[in-house]
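Engineer: Sequence and predicted model, in that order:
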Amino acid sequence: MKHIFRIAFLILLFANPEYLCAQNLRSVLEKAPNQEAFWSVTVRDQKGYILEQFNSEKVIIPASNQKLVTTAALLDHFGADFQFETVIYGNGNLIDGIWDGDLIIVGSGDPSISGDLYNKDRFHVFGQFYEQLAKAGIKQITGDLIADVSLFDKQVYPKGWDWYDFSFYYGVQISPLSFNNNAVDLEVFAEGNIGDTPRIAWFPDNTDYVTFINKQVITHPNTEYDEYYRRELGGNTITLGSTLPQGYYEDESLSIYDPPKYFLYSFKNYLAEKAINISGDLKVSYEAMDTVETQRIASHRSKPFSELIEWTNKESDNFYTEMMTKTLSAQKSGGSGSFEDGISHIREFLFDMGLDTLHIQMNDASGMAGGNFNTTVNLSKLLVEMQSHPEFDAYYRSMSVAGIDGTLAHRMKGTPLYKNFKGKSGFVTGVRTLSGYMNTSSGKQVIVSIGTNNYISEKVRPIDSIHEKILMYLYNKY
């Protein structure tokens, strides 16, 4: 296998002679095509000594490298073994299979009530709830289905998120009781003739919780797909305006409005299909419900926190990040969790880890917001310090492996970097970042943080190419 890598590397060198010419970090950057961009690089050994640096103390927009900061703080507080528990309480009595009273579902902040960690079975948690209700002998419910969402405050978006993103899965509303990542999963089939409207379907089971206005058009097979999705602000009407080449298939997860009501609506429909009907209304309470005199009827525990963190970093999931940050706030401060308070606790953790928090600005936890700033010297220092943290194993496992999985699954294949870099990428418009741990040609491990800001290009591939040239230079040198 080593011989195969050496041959592939020689081919790479001959095809890209600039690898041979790289005398130092500066020369790599001077040959970068995007000279309008701002570059920052910090390279450390495992003990934290800086081996290479370029603009290392200048502030950059970290994009999703911010998740490295947030997930470190979350693991520090929750621990790898923590599990969210979502409980259904019954306020009433069971008489001949009829629950005469209300059911109260208390939101725990669990972001994983979806198929993400359950073999893509998006109804997995609902199924567990149903089985427990059925085992308790409940065949009908006369009262209301109530969502207790008092764990979080009423702010559903972090500071600095762009309204343009609110229609998509990466910009969903945040609620302590959430289903399917607070999104509907749309499928579009351009099966008809040119000029026709394509067929659509969506999960959950073509739910009428959302209304689609389908203005999409099937175009000639040689044309390009042009995406257009917009959900109205303050509602669940979604306009579809894409043009799709004939025969094209597209799927997209689109955000919904009012997540707790969406959870209740979807759960009620699921129970109805299982022959458990609810006669009452769907209600959302932002005040904590009194469950002292109620019965605990059903519950669900999430997968261990380490698995949620692994999903968060490998998939760069904004929703998971913000959900867990508000839960951090609720647990640390004792009230309704808020974005701002959660971030303040993350900053306290960073300060305790020895980072320069004067050069860290956080408007959200996930890195999508405008106004986030950090430095590569800080990001690399955090990666160094986490090596001695009790939860480092979970932290390290959460990162993508070059050429294998997560956001790095399609990068660095066919090079010596394959499987030898483990870390986190980041992207927002004009920003590309990459930080992580790299095994070099000598068998040593170095810690790298690269930030590219203010580049003018619609494509990230040219920037990724330079990032990988930097890594190759380091791989060979150390």
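Structural biologist: Received the coordinates, thanks.
Engineer: who does residue 100 bridge with?
Structural biologist: residue 93 (DSSP bridges).
Engineer: how many neighbours does it have?
Structural biologist: 14 (other CB atoms under 10 Å). C-beta: built from backbone N, CA, C; applies to glycine.
Engineer: ok now do it, which residues does it touch?
Structural biologist: Counting by CB atoms under 8 Å, 6 or more residues apart in numbering, residue 100 makes contact with 92, 93, 94, 142, 143.
Engineer: Could I get the contacting residues of residue 421?
Structural biologist: For residue 421, the contact set (CB under 8 Å, 6+ apart) comprises 401, 402, 408, 412, 436, 437, 438, 439, 448, 471.
Engineer: could you redo the last one with a cut-off of 7 Å?
Structural biologist: The contact partners of residue 421, taken as CB atoms under 7 Å, 6 or more residues apart in numbering, are 402, 412, 436, 438, 471.
Engineer: and the gap between the residue nearest to residue 192 when sequence neighbours are not counted and residue 202?
Structural biologist: Nearest non-adjacent residue to residue 192, counting by CB to CB, 6 or more residues apart in numbering: residue 218, 5.6 Å away. Distance, residue 218 to residue 202, by CB to CB, to the nearest Å: 18 Å.
Engineer: Now do the domain split for this protein, please.
Structural biologist: 2-80+307-477, 84-303 (automatic domain parsing).
Engineer: Including mean pLDDT, could the ones you listed go into a markdown table?
Structural biologist: Output for the domains of the chain, formatted as a markdown table (pLDDT from 0 to 100):
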| stretch | mean pLDDT |
| --- | --- |
| domain 2-80+307-477 | 92 |
| domain 84-303 | 97 |
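Engineer: With respect to burial, which of these scores highest?
Structural biologist: domain 2-80+307-477 (a mean of 19; mean count of other CB atoms under 10 Å).
Engineer: where along the stretch 301-450 of the chain do the strands fall?
Structural biologist: Secondary structure of the stretch 301-450 of the chain (DSSP state E, counting those that start in this stretch): strands at 400-401, 421-428, 431-439, 445-453.
Engineer: Could you find the closest non-adjacent residue to residue 451?
Structural biologist: Residue 451 sits nearest to residue 60 (CB to CB, 6+ apart), 3.7 Å away.
Engineer: can you tell me how far the one you found sits from residue 156?
Structural biologist: Counting by CB to CB, the gap from residue 60 to residue 156 is 28 Å.
Engineer: could you pull out the helices for the chain?
Structural biologist: Taking DSSP state H to define them, one finds helices in the chain at 2-15, 18-21, 25-30, 66-78, 124-135, 259-273, 305-315, 318-333, 339-352, 376-386, 392-397, 461-477.
Engineer: from the contacts of residue 421, which single one is nearest residue 261?
Structural biologist: Proximity of the contacts of residue 421 to residue 261 (CB to CB) peaks at residue 436, which lies at 39.9 Å.
Engineer: With distance to residue 253 added, can I get the helices of the chain in JSON lines?
Structural biologist: Formatted as JSON lines, the helices of the chain follow (distance: least, CB to CB, whole Å):
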{"stretch": "helix 2-15", "distance to residue 253": "36"}
{"stretch": "helix 18-21", "distance to residue 253": "39"}
{"stretch": "helix 25-30", "distance to residue 253": "37"}
{"stretch": "helix 66-78", "distance to residue 253": "19"}
{"stretch": "helix 124-135", "distance to residue 253": "17"}
{"stretch": "helix 259-273", "distance to residue 253": "13"}
{"stretch": "helix 305-315", "distance to residue 253": "12"}
{"stretch": "helix 318-333", "distance to residue 253": "10"}
{"stretch": "helix 339-352", "distance to residue 253": "22"}
{"stretch": "helix 376-386", "distance to residue 253": "29"}
{"stretch": "helix 392-397", "distance to residue 253": "25"}
{"stretch": "helix 461-477", "distance to residue 253": "24"}
